[in-house]
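>>> need a structure here:
(one chain, ligands or ions: 2)
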Amino acid sequence: MEDCIFCKIIKGEIPSEKVYEDEEILAFKDINPAAPIHILVIPKKHIESLLKLEEADYELVGKIQKVINKIAKQLNIEEEGFRVIVNCGKDAGQEVMHLHYHLLAGRKLGSKIVG
Ligand code: 5GP
Ligand code: ZN
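Ligands and ions are numbered 1, 2, ... in the order given. Just a heads-up that it's a prediction; the model follows:
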């Protein structure tokens, strides 16, 4: 998508601090981290949100989860733990309309899921 920030990051038109990349998936540091470790894991395919996943995309979602686990191991946070969040739509506060998984870690994240 032409005017999508994350598509521009994928194309290298906007710089990012990449932590993982393969043919289908990119992971990079969030520009405004909410925790010491705050990584965004995204499909390279432009999918607007969780709700826009098509039948053929569910395999990709599984691969994203696999990448999240891989990064967690690389960063040695599998012992301490981490949180994965996907915001979908207005009430969840989704700002970038390109599916992204927030991986948060590096501090006690609190017992509440919602703010
Ligand atoms: P959302 O609120 O849509 O779930 O999350 C969007 C996230 O993207 C936010 O945490 C925000 O800080 C991050 N973000 C927005 N623009 C950029 C950018 O240009 N580069 C990076 N690395 N992160 C961004
Ligand atoms: Zn996009």
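>>> Residues of this structure that sit close to ligand 2?
Residues of the chain found near ligand 2 (CB under 5 Å from the ion) are 1, 4, 6-7, 46, 98. All C-beta spots, glycine's among them, are computed from the backbone N, C-alpha and C.
>>> distance of the closest residue in space to H98 that isn't next to it in sequence from G81?
Nearest residue to H98 in three dimensions, chain neighbours excluded: F6, at 3.8 Å (CB to CB, 6 or more residues apart in numbering). Relative to G81, F6 is positioned 26 Å away (CB to CB, to the nearest Å).
>>> which helices and strands sit right next to the helix ranked longest in the chain?
In the chain, assigned by DSSP state H, the helix with the most residues is helix 58-74. Counting contacts by 3 or more CB pairs under 8 Å, 6 or more residues apart in numbering; DSSP states H and E, helix 58-74 is packed against strand 18-21, strand 25-29, strand 37-43, strand 101-105.
>>> List of residues touching the last one?
Okay, so that is strand 101-105. Outside of strand 101-105, the residues within contact range by CB atoms under 8 Å, 6 or more residues apart in numbering are 27, 30, 34-42, 64, 68, 71-72, 75, 77, 80-87.
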